[in-house]
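J.: Here's a sequence, model it:
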Amino acid sequence: MKELKHLNKYFKKYWLKLLVGIIITIIARLFQLVMPSYVNKIISVVEQFIREELPTATAKELLQEYILIIVGAALLSGFFTFLMRQTIINVSRYIEYDLKNEIFDHYQILSLNFYKKNRTGDLMNRISEDVNQVRLYAGPAIMYGMQTLTLFACLIPLMFIKAPTLAAYTLLPLPILSVLIYRISKIIHKRSTIVQEYLSSLSTFTQEVFSGVSVIKAYALEPQTNRELSDLANEGREKSMSLAKVNAWFFPLMILLIGISNILVIYIGGKQYIDGEIGVGLIAEFILYVNMLTWPVAIVGWLTSIVQRAEASQKRINEFLNESSELNTDNAITHEVKGDIEFKYVTFTYEDTEITALKNLSFHIKQGETTAIIGKTGSGKSTILDLVARLYDVTSGEVLIDGIPIKTMNVRNLREAIGAVPQDAFLFSDTIKNNIKFGKHDATDEEIIATAKKAVVHDNIIGFSKQYETVLGERGITLSGGQKQRVSIARALMKDPQIYLFDDCLSAVDTETEEEILANLKKASKNRTTLIVSHRVSSAKNADKILVLEDGKLLQEGTHEELNAIDGYYKELYNNQLSEKEN
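T.: Below is the predicted model of the structure:
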């Protein structure tokens, strides 16, 4: 159970509620123990009445008294059982809440490399299915475990006090049961881990299918996808059945051993009664004791299964919790970001592909400048924006913001000063208004409309039946590519940051709309540092500075006029695009 030690901090946090719950559990079980002894007394009263040792009136009074005690004890036991569930089960829900938050918070601080190496379905499964398995350990397992311990601790000594020989024979099957549970639990742990890993694979597959459903339909791949899901489901069925077969041994074994105990009580107890050593009432009492042990003994197998599943799930959770972010922000500097950006001999290699995107790159962008970055696909343009936002750390060299090494800066403080529009515009499954407000949560309707007009998307929005209250599909699937890009631009403009990062965010709009948006951006980004990545010269020609990249190196640098005056990649690209536009 070493992996489950991670939960100790939560048990300490809720120790008082747990302690109260455990005390209530013990009280509830103690009241439950009242019934067997009074059943014994009732049978004794009946025997004495039959032998005419008790008058009718006295026998009736005693029977009524004992029955009332049994009923009262049962009611109190039920009441305390209710309180027990209200404390211990509630604690398990609190722990589930805290653990999910801990995992989600940790997910958010991990670098992009982590997300490139792990699939979304697996991430989701660990924060949902795995946490649920752990919750069962933190609540029901503790509750039923305490019930079992209390009954064993009270019943076994009580049975030996009342009839040692009968108790010894009655409890004889329990050591056999312990050995069987130990052996089976080891198998359960192994197979539980396999099942949890399969569930992650299933979540990953279905998530990818739902996200890429348009591609699947476009290529008519539904039959193939169904076959793949069927194969995956069959594989999962085999793994789950393998686990279920082991779990299926528990209850039959429990019932068998409890049945043997009942037979031993009747046989040994009957012999002792014949020999005059015990009364009939004690045999009935012992039968009730054995049947009271039926559920606790049977639950041992279930508890073992829960603990083994929780151990397997917590191990998977800990694997991610033990992942550390590559972006070290300890003792980070917090300051007002102004927007001066400098790259000094920066080299960057992607860890997952080992592709070197930037090679000994140096340039300087002054505060308030608009800089366009142009180059062929794979030249390292988007990588520059990622490094400015510190989504990655450089392999060698240094990135400075306002003269401060970016590695020493507080990441949150830096990113709050940045408004980014990625190449693949991502919108949330929410209203258009809330997607724009994502850049500024307290924005008024007037501000939202004004920003949408700057991004030249207002006219499209009011064309929808619900206008700004239109709820977008997942990843903004309701909108066209150009509309998504413009809503994403509006979101960045709404934030009004010190640094704008536009990553080829006008690729899906026509030339006229592009020119209108660029004119609005120039006004909105006045005195703001702006980096625009583009394949179009039209997006770059009005920039204060243009950087031309090739294979991760700086090929050309200057204004539109300067670069167009000399032969090179920029002039050739400009002439080609100009001729295309004229044609």
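J.: What residue spans form the domains of the chain?
T.: Here the domain parsing of the chain from automatic domain parsing is 2-193+244-321, 331-417+500-509+529-583, 423-496.
J.: Between the two ends of the shortest one, what distance do you get?
T.: Spelled out, that is domain 423-496. By Cα to Cα, to the nearest Å, the extent of domain 423-496 from end to end equals 19 Å.
J.: if we can go back for a sec, adding distance to Ser211, write the domains of the chain out as TSV.
T.: Just so you know, the C-beta spots here come from the backbone N, C-alpha and C atoms, and that holds for glycine as well. Below are the domains of the chain laid out as TSV (distance: least, Cβ to Cβ, whole Å):
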stretch	distance to Ser211
domain 2-193+244-321	8
domain 331-417+500-509+529-583	19
domain 423-496	7
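J.: Take those domains and write them to JSON lines, including mean neighbour count and distance to Thr225.
T.: As requested, those are exported to JSON lines (neighbours: other Cβ atoms under 10 Å; distance: least, Cβ to Cβ, whole Å):
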{"stretch": "domain 2-193+244-321", "mean neighbour count": "17", "distance to Thr225": "15"}
{"stretch": "domain 331-417+500-509+529-583", "mean neighbour count": "18", "distance to Thr225": "26"}
{"stretch": "domain 423-496", "mean neighbour count": "18", "distance to Thr225": "18"}
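J.: export the ones you listed to a markdown table and tack on distance to Glu515 and mean pLDDT?
T.: Shown next, in a markdown table, are those (distance: least, Cβ to Cβ, whole Å; pLDDT from 0 to 100):
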| stretch | distance to Glu515 | mean pLDDT |
| --- | --- | --- |
| domain 2-193+244-321 | 33 | 80 |
| domain 331-417+500-509+529-583 | 7 | 81 |
| domain 423-496 | 10 | 78 |
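J.: My reading is that Gly397 lies in a helix. Confirm?
T.: No: checked against DSSP: H, G, I helix; E, B strand; the rest coil, Gly397 lies outside a helix; its state is strand.
J.: Where does the closest residue to it other than its chain neighbours fall, secondary structure wise?
T.: Spatially, and ignoring its direct neighbours in sequence, Gly397 is nearest to Val346 (3.7 Å; Cβ to Cβ, 6 or more residues apart in numbering). In this assignment (DSSP states H and E), Val346 forms part of strand 341-349.
J.: so what does that strand touch, helix or strand wise?
T.: strand 356-365, helix 381-388, strand 396-401 (3 or more Cβ pairs under 8 Å, 6 or more residues apart in numbering; DSSP states H and E).
J.: Please tell me how far the most centrally placed residue in the chain sits from Val209.
T.: Most central in the chain under Cα atoms, centre = their mean is Ile127, positioned 2.0 Å from the mean C-alpha point. Ile127 sits 20 Å away from Val209, going by Cβ to Cβ, to the nearest Å.
J.: Could you do His458 as well?
T.: Taking Cβ to Cβ as the measure, His458 falls 35 Å from Val209.
J.: cool, Asn542 as well?
T.: According to Cβ to Cβ, Asn542 stands 44 Å off from Val209.
J.: and what of His335?
T.: His335 is 46 Å from Val209, by Cβ to Cβ.
J.: for this protein, what spans make up the strands?
T.: For the chain, the strands defined by DSSP state E cover 341-349, 356-365, 370-375, 396-401, 404-405, 418-421, 499-503, 529-534, 545-550, 553-558.
J.: quick one on the thing from earlier: who wins for proximity to Ser214 among the domains of the chain?
T.: Set against Ser214 and scored by Cβ to Cβ, these come closest in domain 423-496, at 7.7 Å.
J.: From the chain's centre, how far out is the closest one? Work that out for me.
T.: 28 Å (Cα atoms, centre = their mean, to the nearest Å).
J.: circling back to that earlier point, make a markdown table from the strands of the chain and add distance to Gly259 to it.
T.: A markdown table is the format used below for the strands of the chain (distance: least, Cβ to Cβ, whole Å):
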| stretch | distance to Gly259 |
| --- | --- |
| strand 341-349 | 68 |
| strand 356-365 | 71 |
| strand 370-375 | 79 |
| strand 396-401 | 73 |
| strand 404-405 | 74 |
| strand 418-421 | 69 |
| strand 499-503 | 71 |
| strand 529-534 | 75 |
| strand 545-550 | 79 |
| strand 553-558 | 81 |
